[in-house]
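Engineer: please find the sequence and the predicted model below.
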Amino acid sequence: MNKHLTLFTTSPPISLTWDEAPDEPIKAPKPIFDNPSLASTDRMVCAQCGDDITRSSQRIAVNGSHRHAVPTAHGIDQEIGCFSLAPGCLSMGHFALDFGQPTEGFWQMAVCAGCGNHLGWHHQTDDAFGFYGLILDHLAAAPDDAKKEAA
């Protein structure tokens, strides 16, 4: 099977072409990223800058589950967690319909208010129900506060 990839974001564009032998076994898809440290933490911070993003008490279930796999155009699955509030996030950009129909609501990009790192998306419906779908690998468990260590 002949495959081709062109990267237009470079100047000049880079083009790669390769053949995959059809007799090679098909590799199993990469498992969903897993961030087990978030399961037992209360505060969740931006993995890039360490600013507070949300708390475990803000976890919610959407369509029956807190965690969801979201495939990307690059063939990588991202695991998102749903949160009712994420005070450390800024919702930005124009509303986009990337994930569904207009009747299902609208999505905006959610970034860290401290460093601008892409953390996920904010979903808003016409009836004012909103939630954040945050990429779990872009979050980290907050380190223990210095005050707790001193106590």
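Structural biologist: Looks like it arrived, so ask away.
Engineer: mind listing the helices for the protein?
Structural biologist: Assigned by DSSP state H, the helices in the chain fall at 146-150.
Engineer: how about the strands in it?
Structural biologist: Using DSSP state E, the strands of the chain run over 2-7, 14-19, 43-46, 52-55, 67-71, 77-83, 89-96, 106-112, 118-124, 130-135, 139-141.
Engineer: just so I know, which of those strands lies nearest Ser37?
Structural biologist: The minimum distance between Ser37 and those falls on strand 139-141, with 4.2 Å, by Cβ to Cβ. C-betas here are computed from N, CA, C, even on glycine.
Engineer: follow-up on the earlier one: make JSON lines out of the strands of the chain and add mean pLDDT.
Structural biologist: Rendered in JSON lines, the data for the strands of the chain read as follows (pLDDT from 0 to 100):
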{"stretch": "strand 2-7", "mean pLDDT": "56"}
{"stretch": "strand 14-19", "mean pLDDT": "60"}
{"stretch": "strand 43-46", "mean pLDDT": "95"}
{"stretch": "strand 52-55", "mean pLDDT": "96"}
{"stretch": "strand 67-71", "mean pLDDT": "82"}
{"stretch": "strand 77-83", "mean pLDDT": "88"}
{"stretch": "strand 89-96", "mean pLDDT": "79"}
{"stretch": "strand 106-112", "mean pLDDT": "89"}
{"stretch": "strand 118-124", "mean pLDDT": "91"}
{"stretch": "strand 130-135", "mean pLDDT": "93"}
{"stretch": "strand 139-141", "mean pLDDT": "93"}
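Engineer: any chance of a markdown table for these, columns distance to Asn35 and mean neighbour count?
Structural biologist: Shown next, in a markdown table, are those (distance: least, Cβ to Cβ, whole Å; neighbours: other Cβ atoms under 10 Å):
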| stretch | distance to Asn35 | mean neighbour count |
| --- | --- | --- |
| strand 2-7 | 29 | 9 |
| strand 14-19 | 31 | 9 |
| strand 43-46 | 10 | 22 |
| strand 52-55 | 13 | 21 |
| strand 67-71 | 10 | 14 |
| strand 77-83 | 8 | 20 |
| strand 89-96 | 17 | 14 |
| strand 106-112 | 16 | 21 |
| strand 118-124 | 13 | 22 |
| strand 130-135 | 9 | 21 |
| strand 139-141 | 7 | 21 |
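Engineer: now distance to Pro36 too, for those strands, in TSV please.
Structural biologist: Listed next are these as TSV, based on distance: least, Cβ to Cβ, whole Å:
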stretch	distance to Pro36
strand 2-7	33
strand 14-19	35
strand 43-46	13
strand 52-55	17
strand 67-71	12
strand 77-83	11
strand 89-96	22
strand 106-112	22
strand 118-124	19
strand 130-135	15
strand 139-141	9
